[in-house]
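Trainee: fold the stuff below for me.
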Amino acid sequence: MNKNLDGYIGGLKTLPTPPGVLLSLITLFQQPDRDIDDIAELIRQDPSLTAGVLRHANSAYCLPDEPIVEVFEAIAWVGFAQVYQAVLAKLASQSLQLPKGACGIDVDQLWHHSAIAGVCAGAIAKRVGENEGLAFTAGLLHDVGKIVLSLAEGEEYTALAKKVGAGGSAMQEAEEIHFGFGHAEVGASLLGRWGLSKRITEPVARHHQVNCGQPEDKICAVVSLGNIMAHAADGTLLGGDYDSERAASAMRVLRLGQDDLAAILDGAQKDIAQMTGLMGAAAK
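Mentor: Model prediction:
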């Protein structure tokens, strides 16, 4: 841990605090013997999440034979992984926001990108034999450090984002020059303070780099590549030359080629659409 960063995080008066259900959901999902009853009970604690899950289970996406009226039944019908992804994304986007009128980045845009990055990371993980849920979780939370920096630095961070652009490695590098550390390390530090394991914090800390020779290289490469694919999801596969060196490094670590990425991205489009539908339903 960077001592300067540790002191910086520890000295902040306003740190994002997640709802207990979000941390409980992440913890339950990582358990190999997780019980759908426990997951359903967590969702039932929030009426809006319950309504959203039921609404989606009865939507045109899922086409049940008969109306679904219970959360457990909805999870069984839609699929636990899909419900987990959408509920976690909705909880994170609802709870980790900036106060009204505060300076900083566009948080709604951040969560839209982060949700897609999570889905892409999960799809890559499934392809290369890594933990899909772990990859989704790290991908979803990879940019929370930007929220921390927005809260702490306000107009100064807004000006920096406008100067270099809020996305990509350029912002990480500008933050490191300006503050001594970037949003990747800040986000990982925050998540560690929440009690999340290194299996999640390490890919968050390293999503703008791909090193060799470390135990976490593979999952870090998954999340890094998922982030790149999310940035390029509305255009060509990797956005032309967008972050091409980092993308190539991640692909080497994962032993993936361009054809593999094309297939992964094509398959992920359906999951992105489904999760977006469930997130939208949960908001109504």
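Trainee: secondary structure element for the residue of the chain positioned farthest from its centre, which one?
Mentor: In the chain, counting by C-alpha atoms, centre = their mean, residue 66 sits farthest out from the average C-alpha position, at 33.2 Å. Residue 66 is part of no helix or strand, with elements assigned from DSSP states H and E.
Trainee: who's in contact with residue 177?
Mentor: Going by C-beta atoms under 8 Å, 6 or more residues apart in numbering, residue 177 touches no other residue. For every residue, glycine as well, the C-beta is placed using N, CA and C.
Trainee: tell me how far it lies from residue 8.
Mentor: Distance from residue 177 to residue 8, counting by C-beta to C-beta, to the nearest Å: 15 Å.
Trainee: ok, now residue 188?
Mentor: Distance from residue 188 to residue 8, by C-beta to C-beta: 13 Å.
Trainee: more neighbours: which of these two?
Mentor: Using other C-beta atoms under 10 Å, the more surrounded residue of residue 188 and residue 8 is residue 188, with 27 against 19.
Trainee: need the phi and psi values for the more buried one.
Mentor: phi -60, psi -40 (degrees, to the nearest 10).
Trainee: surely it and residue 148 touch.
Mentor: No - taking contacts as C-beta atoms under 8 Å, residue 188 lies outside contact range of residue 148: 10.7 Å.
Trainee: re the thing from before, what are the phi and psi values at the residue farthest from the centre of the chain?
Mentor: phi -130, psi 160.
Trainee: neighbours around residue 180, how many?
Mentor: Counted by other C-beta under 10 Å, the residues lying close to residue 180 total 12.
Trainee: what's the answer for residue 184, then?
Mentor: Residue 184, neighbours per other C-beta under 10 Å, totals 27.
Trainee: what is the helix or strand harbouring it packed up against?
Mentor: For residue 184, the host element (DSSP H and E) is helix 183-193. If you count contacts as 3 or more C-beta pairs under 8 Å, 6 or more residues apart in numbering; DSSP states H and E, helix 183-193 packs onto helix 3-11, helix 144-153, helix 169-179, helix 198-205.
Trainee: with mean pLDDT added, can I get those in a markdown table?
Mentor: Below are the helices and strands packed on helix 183-193 laid out as a markdown table (pLDDT from 0 to 100):
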| stretch | mean pLDDT |
| --- | --- |
| helix 3-11 | 78 |
| helix 144-153 | 90 |
| helix 169-179 | 87 |
| helix 198-205 | 93 |
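Trainee: could I get those as JSON lines with distance to residue 82?
Mentor: Shown next, in JSON lines, are those (distance: least, C-beta to C-beta, whole Å):
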{"stretch": "helix 3-11", "distance to residue 82": "33"}
{"stretch": "helix 144-153", "distance to residue 82": "23"}
{"stretch": "helix 169-179", "distance to residue 82": "31"}
{"stretch": "helix 198-205", "distance to residue 82": "20"}
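Trainee: quick one: closest of these to residue 52.
Mentor: When these are compared by C-beta to C-beta, helix 144-153 sits nearest residue 52, at 22.3 Å.
Trainee: run through the stretch 51-200 of the chain and note the low-pLDDT ranges.
Mentor: 101, 166-167 (pLDDT under 70).
Trainee: please redo it, this time with the cut-off set to 90
Mentor: 51-66, 74-116, 133, 150-173, 178-180, 193-195, 197 (pLDDT under 90).
Trainee: now stretch 160-167, how far from the centre of its chain.
Mentor: 20 Å (C-alpha atoms, centre = their mean, to the nearest Å).
Trainee: got it, and stretch 40-56?
Mentor: 21 Å.
Trainee: ends of it, how far apart?
Mentor: 15 Å (C-alpha to C-alpha, to the nearest Å).
Trainee: residues of that stretch that come out buried?
Mentor: Neighbour-count burial for stretch 40-56, counted by 16 or more other C-beta atoms under 10 Å, picks out 40, 42-43, 46, 49-50, 52-56.
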